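Novice: Sequence first, predicted coordinates after that:
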Amino acid sequence: MSLLVTRSRGRLKARGRSKGLPTVLMGYAIECLVEAYALIGSGGRLTTARPGSDVDHKDFIVDEKGGYRSIYVQVKGAPRLYQGGEFQINVRYAKNKVLSGRRLVYVFCLLDADAMSLTRMWVIPARDFHRLAPRVSVSERHIQFLFHAGRNGKWTRFEIIPTQLGVRLLEIIRGLPRQTSARRTVGKIAA
């Protein structure tokens, strides 16, 4: 990761209330906070795992403890608001490679870097996000979905109190069809 930060230093600088962290590190810190809010907020009913890399919009896997009921979470966060108190995040995809499965969930959040806490949060299933978000072409090969939220608007119904993240993720998991569970086979061992 240090190579990425060194090679792209100009591109990775964050402005505003970022505590001087490069964008890559700020994003990772926000992901870690989201993971902690999910684990603690679920009262121990959720577990998480991180893929080796975030190449397909899956920052971590959230699983209900005691079964095979999981979702994939993509975290998008920022340490600041924009003009008029609006929260803005853009989600970029390669054209024709937009992931929108039932088990993919976006968590958008605002970080108060001084308090090291998440102050606003929206939990949006990917299908709803891709249906509702404005889409713009940014190049021949890429598109962006725009998430711009104020105090009112179409995203309001997805906003939650950050401490309720674990409960909300459990609701989403339990609302999905059950995945095939592993079977335990007990039999005689051949001699």
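Specialist: That came through, no problem. What you see is a predicted model; the values in this text were computed from it and never measured.
Novice: which residues does the residue nearest the centre of the chain form a beta bridge with?
Specialist: For the chain, Val75 is the residue whose C-alpha lies nearest the centre (C-alpha atoms, centre = their mean; 2.2 Å). Using DSSP bridges, the bridge partners assigned to Val75 are Val107.
Novice: Assumed Gly52 was part of a strand.
Specialist: No - according to DSSP: H, G, I helix; E, B strand; the rest coil, the state of Gly52 is coil, so it is not within a strand.
Novice: and it, how many residues sit next to it?
Specialist: By the measure other C-beta atoms under 10 Å, the count of residues near Gly52 is 5. Bear in mind the C-beta positions are built from the backbone N, C-alpha and C, glycine included.
Novice: mind listing the strands for the chain?
Specialist: Ranges of strands in the chain, per DSSP state E, are 46-49, 60-64, 69-78, 87-94, 104-112, 117-125, 135-137, 142-149, 159-160.
Novice: Partner strands of the first one, with direction?
Specialist: With DSSP bridges as the criterion, the sheet partners recorded for strand 46-49 are strand 60-64 (antiparallel).
Novice: try the shortest one
Specialist: Strands adjacent to strand 159-160 in the sheet, as given by DSSP bridges, are strand 117-125 (antiparallel).
Novice: Of all the strands of the chain, which one is nearest Gly166?
Specialist: Gly166 sits nearest to strand 46-49 of all the strands of the chain, at 5.8 Å, using C-beta to C-beta.
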